[in-house]
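A predicted structure for the sequence below; I have some questions about it.
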Amino acid sequence: MRKTMIGLGAVAVALSLSAPALADGHDGHGGHQSHDGGYGRATLTGWASLPAQTYVPGSEPSGAQLGTDPINGVTPPFPGQPVQGFSGVVRRRDGSYDVLSDNGYGNKANSGDFLLRIQRVKPDLRSGVVTAVGGVDLSDPFKRVPFPLTRADRRLTGADFDVESIVRRPDGTYWIGDEFGPWLLHFSATGALLDKPVALPGVQAPENPYLNGGTPNLGSSKGFEGMASGLDGRHLYPMLEGTVAGDPAGTLRINEFDLRDRAYTGRRWTYKLEAPGNSIGDMVSVDRDRFLIIERDNEQGDAAKLKRVYLADTRDRDKDGAVDKTQVADLLDLADPKGLGGFGPTFRFPFQTIEDVVILDDSTIALLNDNNFPFSAGRTPGRPDNDEFITVRLSRPLDADPRAYRRY
């Protein structure tokens, strides 16, 4: 989610990474080759939208800390909890999707009345409508969080965690990546926190409650923006959005986490951004060695210049210290011969934050934007962005492991 709203400035930090050698054909580096790898222009094959002012039925009001002046034509506080801020996605067997609503309104100070939630939505590409069909609030009834929470009832809020990435396991539980710690959080199918938050050794954001006056080495809310599930069923691959202090500018760490041992393995890769000011939006496994990663600039609308999906290969073809990058889709230049998006033969996905990607089949991916309600207005200036769901056919297959597009 955007972190520059309501006076909050993102912290820029420089970084340098020393990665260990990896087993199983990995050398711990990967090469930075940003090229098309034989992929041509991708094509829009489906579009649907959820209105920005969609609220969880019967939910509590929110946005009380945003003031009372209109923002993009919408006046806070809001009558309920917005179904917004989609920063992670999981495909379900029935055609619906679990989507993770992130910290709320951009920072800890203004998001204490935003309840963290896994929303469930169902897109209908024939009608162009996305419908909110349910979801679960996140809570800590078993008192796994060792530091104070905002609410006495232990329902989790955007002042407690900034949840940005999600993996659903075959047993129905969820692993969620947070940016404030950064932490890994394990939830039941009903949204109850099952384990104590797992810290990333040696890395702390400014919001981390255990800084104790120390100096953070990660920018504000620059923790786990993306997280892929290993196809072996045993590992998670959480990816930082920000650069750790001391690592080369514009490089991001991908770590490996062992679900059986509940511990980081020490294996690590490096992803190099096209420009240091860019961010990643999401990450999903393609096979043992490759991931799809969304990279974006921080602009919206006509000012947006880079919104892309890369195929990242950890096998270090050119030995330059970062994963190889192959562009598979330019989200600002999608062919739309059928006019599905309503903008003629070229479709642009010009949102500031695009934070959801899922593989539907070997040649098709789906993406959603995080609309930062009510702040982002990339589609129509002065109006809050809707949540848009699109399907995109790549110009050639990924040659993915079939497990990469399984549904739970």
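Sure thing, it's come through.

could you point out where this protein is predicted with low confidence?
Applying pLDDT under 70 to the predicted model, the residue ranges of the chain that meet it are 1-36.

how about a cut-off of 50?
Applying pLDDT under 50 to the chain flags residues 2-33.

does residue 87 count as helix, strand or coil?
Secondary structure of residue 87, reduced to three states by DSSP: H, G, I helix; E, B strand; the rest coil: strand.

can you check residue 119 too?
strand.

Tell me how many other residues surround it.
Using other C-beta atoms under 10 Å, residue 119 has 24 neighbouring residues. C-beta here means a position set from N, CA and C on the backbone, and glycine is covered the same way.

Ok, residue 130 next?
Applying the criterion other C-beta under 10 Å, we find 25 residues in the vicinity of residue 130.

Now it: closest residue in space that isn't a chain neighbour?
Distances taken as C-beta to C-beta, 6 or more residues apart in numbering put residue 50 closest to residue 130, at 3.8 Å, once the chain neighbours are dropped.

hang on, isn't that neighbour packed against residue 83?
Yes - using C-beta atoms under 8 Å, residue 50 is in contact with residue 83, at 6.8 Å.

joint contacts of these two?
A shared contact of residue 50 and residue 83, defined by C-beta atoms under 8 Å, 6 or more residues apart in numbering, is any residue touching both; here these are 121, 132, 387.

Provide the contact partners of the helix or strand where the second one lies at residue level.
I take that to be residue 132. Assignment of secondary structure by DSSP states H and E places residue 132 within strand 129-137. Judged by C-beta under 8 Å, 6+ apart, the contacts made with strand 129-137 from elsewhere in the structure are 48-50, 54, 56, 83, 96, 98, 115-124, 155-156, 189-191, 387, 389.

need the strands for the stretch 151-300 of the chain, in chain order.
Listed in chain order, the strands of the stretch 151-300 of the chain (DSSP state E, counting those that start in this stretch) span residues 163-168, 174-178, 183-187, 198-199, 224-229, 235-240, 251-258, 263-272, 279-285, 290-296.

ditto for the stretch 1-150 of the chain
With DSSP E, counting those that start in this stretch, the ranges of strands along the stretch 1-150 of the chain come out as 34-35, 43-50, 86-91, 97-101, 117-124, 129-137.

Over to residue 365: give its phi and psi.
Backbone torsions for residue 365, taken as degrees, to the nearest 10, come to phi -120, psi 160.

scratch that, residue 302
When quoted as degrees, to the nearest 10, the phi and psi of residue 302 stand at phi -60, psi -20.

isn't residue 327 right up against residue 309?
Yes - Residue 327 is in contact with residue 309 according to C-beta under 8 Å; the separation is 7.4 Å.

Look up how far residue 270 lies from residue 173.
30 Å (C-beta to C-beta, to the nearest Å).

And residue 378, by the same measure?
Applying C-beta to C-beta, one obtains 30 Å for the distance of residue 378 from residue 270.

And residue 332, by the same measure?
26 Å.

Report the contact partners of the residue nearest to residue 257 when sequence neighbours are not counted.
Across the structure, with C-beta to C-beta, 6+ apart as the measure, the residue nearest residue 257 apart from its sequence neighbours is residue 236 (4.3 Å). Neighbouring residues of residue 236 by C-beta under 8 Å, 6+ apart: 167, 175, 184, 227-230, 256-257, 259.

re the thing from before, any idea which of the strands of the stretch 151-300 of the chain gets closest to residue 76?
Distances from residue 76 to each of these were compared using C-beta to C-beta; the minimum, 21.5 Å, belongs to strand 163-168.

Contacts for that closest one, please.
Counting contacts by C-beta under 8 Å, 6+ apart, the residues touching strand 163-168 from outside are 1, 87-90, 98, 100-103, 116, 118, 138, 174-179, 185, 223-229, 236, 238-239, 241, 282-283, 355, 408.

ok, now with 6 Å
With contact meaning C-beta atoms under 6 Å, 6 or more residues apart in numbering, strand 163-168 is reached by 87-88, 90, 100, 102, 116, 174-179, 224-227, 229, 408.

Adjacent strands (with direction) for it?
Applying DSSP bridges, strand 163-168 is found paired with strand 174-178 (antiparallel).

before we move on, back to that, can you pick out the residue with more neighbours from residue 332 and residue 270?
residue 270 (25 against 17).

that older thread, which of the shared contacts of residue 50 and residue 83 has the largest number of neighbours?
Each of the shared contacts of residue 50 and residue 83 was scored by neighbours using other C-beta under 10 Å; the highest score is residue 387's, at 28 neighbours.

hang on, it packs against residue 370?
No - with contact taken as C-beta atoms under 6 Å, residue 387 and residue 370 are classed as non-touching, separated by 8.2 Å.

between the two, what contacts are shared?
Common neighbours of residue 387 and residue 370, using C-beta under 6 Å, 6+ apart, are residue 86.

count of neighbours near the nearest residue to residue 40 once chain neighbours are set aside?
Distances taken as C-beta to C-beta, 6+ apart place residue 395 nearest to residue 40, at 3.8 Å, with adjacent residues excluded. Neighbour count for residue 395, taken as other C-beta under 10 Å: 15.

Hmm, residue 395 is touching residue 43, no?
No - with contact defined as C-beta under 6 Å, residue 395 does not reach residue 43; the gap is 7.8 Å.

intersection of neighbour lists for the two?
Going by C-beta under 6 Å, 6+ apart, no residue sits against residue 395 while also sitting against residue 43.

picking up where we left off before, just list whatever residues bridge to the residue nearest to residue 257.
Under DSSP bridges, the beta-bridge partners of residue 236 are residue 229, residue 257.

Return the set of residues that bridge with residue 91.
Note on residue 91: beta-bridge partners residue 97, judged by DSSP bridges.

Next, the contact list for it, please.
If you count contacts by C-beta under 6 Å, 6+ apart, residue 91 has them with 97, 358, 407.

how about 10 Å then?
If you count contacts by C-beta atoms under 10 Å, 6 or more residues apart in numbering, residue 91 has them with 97-98, 168, 284, 358-360, 366, 405-408.
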